[in-house]
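>>> Show me the folded form of this:
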Amino acid sequence: MTNAELAALLTDRLEADAGSDTTLVSMELIILTPAEPGSIETRVARRTKTLLFQHADLLDAQGYRIASASSVHRLAQ
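Down below sits the predicted model:
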């Protein structure tokens with residue numbers, strides 16, 4: 001899988017988990033090693049009145065992290 005495909009997987013997952021009433025403001029992606037993805041774990045790091053901060057880890061089939069991403073989403077007013 002290419003780096004662009006890994007980035008697209010993480011972006012799609014973070015946007016889906018943030019919800020349709022949000023807008024992606026920024027995202028930082030770190031690719032640790034090229035590998036076939038297994039699963040994605042996401043969590044909300046922080047939420048304010050206007051912003052949602054998330055983090056995601058992309059794991060391979062053995063559970064090793066191959067990429068991570070942090071994102072900021074603007075909440076609908």
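>>> Now the residue lying closest to residue 46 once chain neighbours are set aside: which helix or strand?
Once its chain neighbours are removed from consideration, residue 46 has its nearest residue in residue 53; the separation is 4.2 Å (Cβ to Cβ, 6 or more residues apart in numbering). Placement of C-beta: from N, CA and C, glycine included. Secondary-structure assignment from DSSP states H and E places residue 53 in strand 51-60.
>>> Could you please name the strands that strand pairs with and the direction of each pair?
According to DSSP bridges, strand 51-60 has the following sheet partners: strand 37-47 (antiparallel), strand 65-75 (antiparallel).
>>> So for residue 15, which of these sits nearest?
strand 65-75 (7.7 Å; Cβ to Cβ).
>>> Going by neighbour count, which residues of the closest one are buried?
Buried residues in strand 65-75, counted by 16 or more other Cβ atoms under 10 Å: 66-73.
>>> for stretch 29-49, same thing?
Of the residues in stretch 29-49, 29, 35, 37, 40, 42 count as buried by neighbour count, 16+ other Cβ under 10 Å.
>>> ok, now stretch 9-29?
9-11, 13-15, 17-18, 22, 27, 29.
>>> Can you give the distance of it from its chain's centre?
Mean C-alpha position of stretch 9-29 versus that of the full chain (Cα atoms, centre = their mean, to the nearest Å) differs by 6 Å.
>>> State the mean pLDDT of it.
For stretch 9-29, the per-residue pLDDT values average out at 96.
>>> Need phi/psi at residue 13.
Main-chain dihedrals, residue 13, degrees, to the nearest 10: phi -70, psi -40.
>>> Nearest residue to it in space, please, no chain neighbours.
Nearest residue to residue 13, sequence neighbours excluded (Cβ to Cβ, 6+ apart): residue 40, at 4.9 Å.
>>> How confident is the prediction for the one you found, by pLDDT?
The model reports residue 40 with a pLDDT of 95.
>>> Same check on residue 62?
Model confidence at residue 62, expressed as pLDDT, equals 94.
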